[in-house]
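Chemist: sequence and predicted model, in that order:
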Amino acid sequence: MPAPRVKICCISSPEEAELALACGASALGLVSAMPSGPGVIDEVLIAEITARVPPPVATFLLTSQTEADAIIDQQRRCGTSVVQLCDYVEPAVHVLLRRELPGIRLVQVIHVTGLESVELAREVEPRVDALLLDSGNTTLTVKELGGTGRTHDWATSRQIREAVNVPLFLAGGLSPTNVAEAVRAVEPFGLDICSGVRTDGKLDKVKLVALFSAVAAA
Ligand SMILES: O=C(O)c1ccccc1N[C@@H]1O[C@H](COP(=O)(O)O)[C@@H](O)[C@H]1O
């Protein structure tokens, strides 16, 4: 199995973007308005960071929006190469996004709760470029759409990986200490990390280096 790609999420400045790329990140996550979570930044800053990222590096706009028009407008304001849909959207929304945002990759987040997540992943897979498995809770009054720092049941994530054909990113509570076990358990295409490489909210070079070493050794 090739080493998984690593996306570093919750990037909050051009300097954090540079640090993540220098340590080996293949992709950067930029979190727009969310009902909860530690990584939200302003869209003007998302556009500024995105404009400075060299072309081969994917920039993911994390959105909580569920209506096609709102997501399309947001992507056009921010200029990212990927839209990460953190909440459930209706199938017609995927279809409209494909039509109106040619060349922009769509990544649908599945919050892994149980076997129903396997069914949801199979249903969504044909309409998107990749799936991202996270540990949010969309049933709370204030939804959790990511950035929880919690792991979920990786056995279910493994089942999803075996049930779908699109690339799969694993997220949720990954850190230098558990990432190798996660890679062995799920064998994902990619990993997505926010809180596990931060100290007091700031991207931590020591944790980043430890994370990339652990991934390489897994
Ligand atoms: O970080 C946030 O604020 C956030 C809010 C809402 C949706 C997604 C968010 N971040 C994403 O969540 C995953 C998992 O975070 P963690 O590693 O468990 O802290 C992260 O990779 C971001 O993609």
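Modeler: The structure has been received and is ready for your questions.

Chemist: what residues does the protein put near the ligand?
Modeler: Residues of the chain lying close to the ligand by CB under 6 Å from any ligand atom are 9-10, 29, 31, 34, 37-40, 62, 86, 134, 145-149, 171-174, 192-196. All C-beta spots, glycine's among them, are computed from the backbone N, C-alpha and C.

Chemist: how about a cut-off of 5 Å?
Modeler: Taking CB under 5 Å from any ligand atom as the criterion, the neighbours of the ligand within the chain are 9-10, 29, 31, 34, 37-39, 86, 145-147, 149, 171-173, 192-195.

Chemist: and residue 68, how many neighbours does it have?
Modeler: Residues within reach of residue 68, counting by other CB atoms under 10 Å, total 20.

Chemist: tell me the pLDDT at residue 84?
Modeler: On pLDDT, residue 84 comes in at 98.

Chemist: that one against residue 110, yeah?
Modeler: No: applying CB atoms under 8 Å, one finds residue 84 not in contact with residue 110, separated by 11.6 Å.

Chemist: which stretches in the protein count as helices?
Modeler: Taking DSSP state H as the criterion, the chain carries its helices at 14-23, 43-52, 68-78, 91-100, 115-124, 154-163, 179-186, 205-217.

Chemist: in PDB, could you pull the C-alpha coordinates for the longest one?
Modeler: Think helix 205-217. Extracted in PDB, the C-alpha atoms of helix 205-217 (Å, rounded to 0.1, in the frame of the first residue of the first chain):
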ATOM      1  CA  LYS A 205       6.200  22.100  13.700                       C
ATOM      2  CA  VAL A 206       7.300  19.400  16.200                       C
ATOM      3  CA  LYS A 207       3.900  17.600  16.000                       C
ATOM      4  CA  LEU A 208       3.800  18.000  12.200                       C
ATOM      5  CA  VAL A 209       7.300  16.400  11.800                       C
ATOM      6  CA  ALA A 210       6.200  13.600  14.200                       C
ATOM      7  CA  LEU A 211       3.000  13.000  12.200                       C
ATOM      8  CA  PHE A 212       4.800  12.700   8.900                       C
ATOM      9  CA  SER A 213       7.400  10.400  10.400                       C
ATOM     10  CA  ALA A 214       4.700   8.200  11.900                       C
ATOM     11  CA  VAL A 215       2.800   8.100   8.500                       C
ATOM     12  CA  ALA A 216       6.000   7.100   6.600                       C
ATOM     13  CA  ALA A 217       6.700   4.300   9.200                       C
END
